[in-house]
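J.: Generate a structure from the sequence data that follows.
(one chain, ligands or ions: 2)
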Amino acid sequence: MTTETTETSAPASETRRFEAEVSQVLHLVTHSLYSHKEIFLRELVSNASDACDKLRFEAIGKPELLAGEGELRIEISHDRDARTVTIRDTGIGMDRGEVIANIGSIASSGTRRFLEALGENQKADARLIGQFGVGFYSAFVVADRVTVLTRRAGTPAEAGVKWESDGRGEYTLEPAMLEHTGTTIVLHLKEGEDEFLDGWKLRALVRKYSDHIAFPIRMPKETGKDEKKDAPEWETVNDASALWTRPKNEISDEDYRGFYKSLGHDFNDPAAWTHNRVEGSQSFTTLLYLPSQPPFDLLMGGRDERKGLKLYIRRVFVMDAAEELLPNYLRFVRGVVDADDLPLNVSREILQQNRQLERIRGACVKRVLDLIDRLSREEPEKFAAFLKAFGNTLKEGIVEDPSNRERIARLLRFASTRGEGAAQTVSLDDYIGRMQPGQDAIWYVTAESHAAAAGSPQLEAFRGKGIEVLLMSDRIDEWMVGHLHEYAGKPLRHVAKGELPLDEAEKKQQEEAAQAAAPLLERLKKLLEGKVQEVRVSARLTDSPACLALAEYEMAPHLARLLREAGQAVPESLPTLEVNPRHALLQRIAATGDDTQAADLATLLLEQAQLTAGAPLADPAAFVQRINRLLAG
Ligand code: ADP
Ligand code: MG
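T.: Residues are numbered from 1 along each chain as shown. Ligands and ions are numbered 1, 2, ... in the order given. Okay, here's the model as predicted:
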């Protein structure tokens, strides 16, 4: 291969500025990736491998594209004298426009989102860059000048492009005569980065990060002597086989972990994986991983671009197909699917209606849910960490995937009145196993925080009866539980909704209490006219004076508030107030002859019920004045 370049007439060489965001990334990368600087090699090799994948795919229709360069491969070499490390691939290459679009601006929308998310506290968040991987720009962590020589497959030698930059805001572009198609990246190492001018060190890094790249990675044979580099003898240093095609018993855990990391986007070990081969009228292989930490896109709610699950057809990479292969609520899954029987020239549109793919998709969902289930039984600690990272994503499945609702619900964990704090959680099966004799429902309360849920006055009667209540305080819970009407044949019920199940004696007591309080209820209705729909005696309260009750299909007040704040239309309805006539405050309202004071007390009763339910106060200033009148009085 030649590194010589010659000017051709047009287009002329030019200096361009990076997009503003690129400069920002470059600054961050060079200043924060320092502890992980060796990942530049992983990132560049991963790009080289992607480029080989792309060429192999394009060559299906145009075999002549593969003719020139021979085998698809990656070559890594170094030059002590010139202080350079060079990564070359025989992949797809780039034309001038592609170079500008892909390297001069931020090509990956993931990187863009990352930047948007960085916000003000750049230092703290910059740690994430390491986990996230910023691809090509990581070259500037170790190099103060990077040269890219690239020629797109299928274009003539004079269509080559030379790109060069010191990573400080500008880059130059010029036409170059390149003998070979593909891409060569030359890193001119910074002062002090000499450790990478060592063949053994580079080899060790390739093995650590890129052993499972499915194309051969070649390096010059180490002879011990500093040989002339123009005629090196190349040897393959990686495994270069598609890991998932090997028999399971020949693959070690270390191999599986290494492969996971080579898929990109995560530095950490996976939490678990499942590797399966289905043989039959339709054969395919799946290797699916659960990450142990949320990747960046997921934090960002990145739904538009989902990478991480690669579709291969008979070992040829076809496309990132997470959306086609898995429902959205399993978007954290990484891995590969290799199908034997799909046509190689399949397009995304065709894929979306393909019946074979539907089967594969069904199998993937089943495998993943089985895998999570296994993790929950065999590795409780890892499972807890997994749920912390992805539990809320999984909950979306209750709504999104009705056919697996019960299976997903079994995997979820909730805080409960039996647990100590938010961290101690129970499964629905645990809950059912502890139900009181005669209890026929799974009770829960939703609120905007764990403390608010645990402090709900509606729980008092349940505590009195020893009935456990699930405490739900994730934003998604209200929505999720609205779709989970029952589990294992038991209905799920909100503690504030509808009638409580009372035995005969309790019913009688309740009626008597209501009768005795009839004049008080009348008075409260008058005092709160226009503010409440109804006032009634509560069976839910033992210690608190009042709470709100909800109709069967009414939205919890805290959620209604959130939705309104988000600009959504939520039907307005007056609340139903439940009171506890035994409470001193109620007795005081019944006893006072002062109508102004009675009005203050009644309004406060309603307001405190609203506050504990997470509903907004209609007039906070008036609320404060009322309190002050009573405190001063
Ligand atoms: P990502 O790989 O996540 O897309 P990178 O920053 O690593 O982001 O690379 C940016 C883009 O530059 C790639 O998407 C690709 O289009 C292009 N690119 C980088 N390296 C190569 C290469 N060796 N051959 C061809 N294109 C490349
Ligand atoms: Mg990349």
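J.: make it CA atoms for all contacts and neighbour counts henceforth
T.: Fine.
J.: tell me the contacts of the residue in the stretch 101-250 of the chain that ligand 1 sits nearest to?
T.: Residue nearest to ligand 1 within the stretch 101-250 of the chain: Gly135 (3.2 Å; CA to the nearest ligand atom). Shown in contact with Gly135 (CA atoms under 8 Å, 6 or more residues apart in numbering): 40, 43-44, 47.
J.: Mind doing that once more with 7 Å?
T.: By CA atoms under 7 Å, 6 or more residues apart in numbering, the contact set of Gly135 is 43-44.
J.: Distance-wise, check it relative to Leu41.
T.: Per CA to CA, to the nearest Å, Gly135 is found 10 Å from Leu41.
J.: Would you map the strands across the stretch 401-550 of the chain?
T.: For the stretch 401-550 of the chain, applying DSSP state E, counting those that start in this stretch gives strands covering 414-416, 425-426, 442-446, 470-472, 486-487, 490-494, 534-537, 546-549.
J.: Tell me the secondary structure at the closest residue in space to Arg626 that isn't next to it in sequence.
T.: Spatial nearest neighbour of Arg626, chain neighbours left out: Asp600 (6.1 Å); criterion: CA to CA, 6 or more residues apart in numbering. The three-state assignment at Asp600 reads helix, by DSSP: H, G, I helix; E, B strand; the rest coil.
J.: Might you report the residue contacts of the residue in the stretch 451-600 of the chain that ligand 2 sits nearest to?
T.: The stretch 451-600 of the chain approaches ligand 2 most closely through Ile476 (33.3 Å), counting by CA to the ion. Shown in contact with Ile476 (CA under 7 Å, 6+ apart): Asn392.
J.: try Ser449
T.: Ser449 makes contact with Ser473, according to CA under 7 Å, 6+ apart.
J.: for Leu55, same thing?
T.: By CA under 7 Å, 6+ apart, the residues touching Leu55 are 91-92.
J.: interface residues of the stretch 1-150 of the chain facing ligand 2?
T.: Counting by CA under 5 Å from the ion, the stretch 1-150 of the chain comes close to ligand 2 at 47, 135.
J.: 6 Å instead, please
T.: Taking CA under 6 Å from the ion as the contact definition, the stretch 1-150 of the chain meets ligand 2 at 43, 46-47, 135-136.
J.: So which bits of this structure are right by ligand 2?
T.: 43, 46-47, 135-136.
J.: ok, of these, which come out buried?
T.: Neighbour counting by 16 or more other CA atoms under 10 Å classes 43, 46-47, 135-136 among those as buried.
J.: Looking at pLDDT only, which of the residues you listed scores worst?
T.: Across those, the bottom pLDDT score, 77, is held by Gly135.
J.: Put the alpha carbons of the helix ranked longest in the chain into PDB.
T.: Using DSSP state H to define each element, the chain has its longest helix at helix 355-378. The C-alpha trace of helix 355-378 is given here as PDB (Å, rounded to 0.1, in the frame of the first residue of the first chain):
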ATOM      1  CA  ARG A 355     -42.900 -13.600   8.400                       C
ATOM      2  CA  GLN A 356     -39.700 -15.500   9.100                       C
ATOM      3  CA  LEU A 357     -38.500 -12.500  11.000                       C
ATOM      4  CA  GLU A 358     -41.600 -12.500  13.100                       C
ATOM      5  CA  ARG A 359     -40.600 -16.000  14.300                       C
ATOM      6  CA  ILE A 360     -37.100 -14.900  15.000                       C
ATOM      7  CA  ARG A 361     -38.400 -11.900  16.900                       C
ATOM      8  CA  GLY A 362     -40.700 -14.100  19.000                       C
ATOM      9  CA  ALA A 363     -37.800 -16.300  19.800                       C
ATOM     10  CA  CYS A 364     -35.600 -13.400  20.800                       C
ATOM     11  CA  VAL A 365     -38.300 -12.100  23.200                       C
ATOM     12  CA  LYS A 366     -38.700 -15.500  24.700                       C
ATOM     13  CA  ARG A 367     -34.900 -15.900  25.100                       C
ATOM     14  CA  VAL A 368     -34.500 -12.600  26.800                       C
ATOM     15  CA  LEU A 369     -37.400 -13.000  29.200                       C
ATOM     16  CA  ASP A 370     -36.100 -16.500  30.100                       C
ATOM     17  CA  LEU A 371     -32.600 -15.000  30.600                       C
ATOM     18  CA  ILE A 372     -33.900 -12.300  33.000                       C
ATOM     19  CA  ASP A 373     -35.900 -14.900  34.800                       C
ATOM     20  CA  ARG A 374     -32.900 -17.100  35.200                       C
ATOM     21  CA  LEU A 375     -30.900 -14.200  36.400                       C
ATOM     22  CA  SER A 376     -33.600 -13.500  39.000                       C
ATOM     23  CA  ARG A 377     -33.400 -17.000  40.400                       C
ATOM     24  CA  GLU A 378     -29.700 -17.700  40.200                       C
END
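J.: Buried residues in it, which are they?
T.: Buried residues in helix 355-378, counted by 16+ other CA under 10 Å: 357-358, 360-361, 363-365, 367-369, 371-373, 375-376.
J.: Show me what that helix is in contact with.
T.: With CA under 7 Å, 6+ apart, helix 355-378 has contacts from 274, 325-326, 351, 383, 411.
J.: Among the buried ones among the residues of the chain next to ligand 2, which pair sits farthest apart?
T.: Greatest spatial distance among these (CA to CA): Ser46 and Phe136, at 9.6 Å.
J.: ok, back up a step: in helices, which of the contacts of helix 355-378 appear?
T.: Per DSSP H, the contacts of helix 355-378 map to helices at 325, 351, 383, 411.
J.: can you redo the residues you listed as a markdown table with neighbour count?
T.: Below are these laid out as a markdown table (neighbours: other CA atoms under 10 Å):
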| residue | neighbour count |
| --- | --- |
| Leu325 | 26 |
| Leu351 | 17 |
| Phe383 | 22 |
| Leu411 | 22 |
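J.: which of the residues you listed lies closest to ligand 2?
T.: Leu325 (22.1 Å).
J.: Would you agree Gly96 is in contact with Val161?
T.: Careful, residue 96 is Arg; it's not Gly. Yes - counting by CA atoms under 7 Å, Arg96 does reach Val161; the two are 6.1 Å apart.
J.: the more surrounded of those two?
T.: Just comparing Arg96 and Val161: by other CA atoms under 10 Å the higher neighbour count belongs to Val161, 27 against 20.
J.: strands paired with the host helix or strand of the more buried one, and their directions?
T.: Using DSSP states H and E, Val161 falls within strand 160-165. Next to strand 160-165 in the sheet, as set by DSSP bridges, lie strand 143-151 (antiparallel), strand 170-176 (antiparallel).
J.: if we can go back for a sec, reformat the buried ones among the residues of the chain next to ligand 2 as TSV; add secondary structure and distance to Thr90.
T.: Below are those laid out as TSV (DSSP: H, G, I helix; E, B strand; the rest coil; distance: CA to CA, whole Å):
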residue	secondary structure	distance to Thr90
Glu43	helix	17
Ser46	helix	13
Asn47	helix	12
Gly135	helix	19
Phe136	helix	17
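J.: Which single residue of the stretch 1-150 of the chain ends up nearest ligand 2?
T.: Of all residues in the stretch 1-150 of the chain, Gly135 sits closest to ligand 2, at 4.1 Å by CA to the ion.
J.: Point me to the residue of the stretch 501-633 of the chain nearest ligand 1.
T.: For the stretch 501-633 of the chain, CA to the nearest ligand atom, closest residue to ligand 1: Ala566, 32.7 Å.
J.: which residues sit against the helix or strand encompassing Arg16?
T.: Using DSSP H and E, Arg16 sits within strand 14-17. The contact list for strand 14-17 (CA under 7 Å, 6+ apart) reads 169-174.
J.: domain assignment for this protein?
T.: According to automatic domain parsing, the chain comprises the domains 14-241, 244-378, 413-494, 504-632.
J.: can I get the ones you listed in JSON lines with distance to Asn392?
T.: Output for those, formatted as JSON lines (distance: least, CA to CA, whole Å):
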{"stretch": "domain 14-241", "distance to Asn392": "20"}
{"stretch": "domain 244-378", "distance to Asn392": "9"}
{"stretch": "domain 413-494", "distance to Asn392": "7"}
{"stretch": "domain 504-632", "distance to Asn392": "16"}
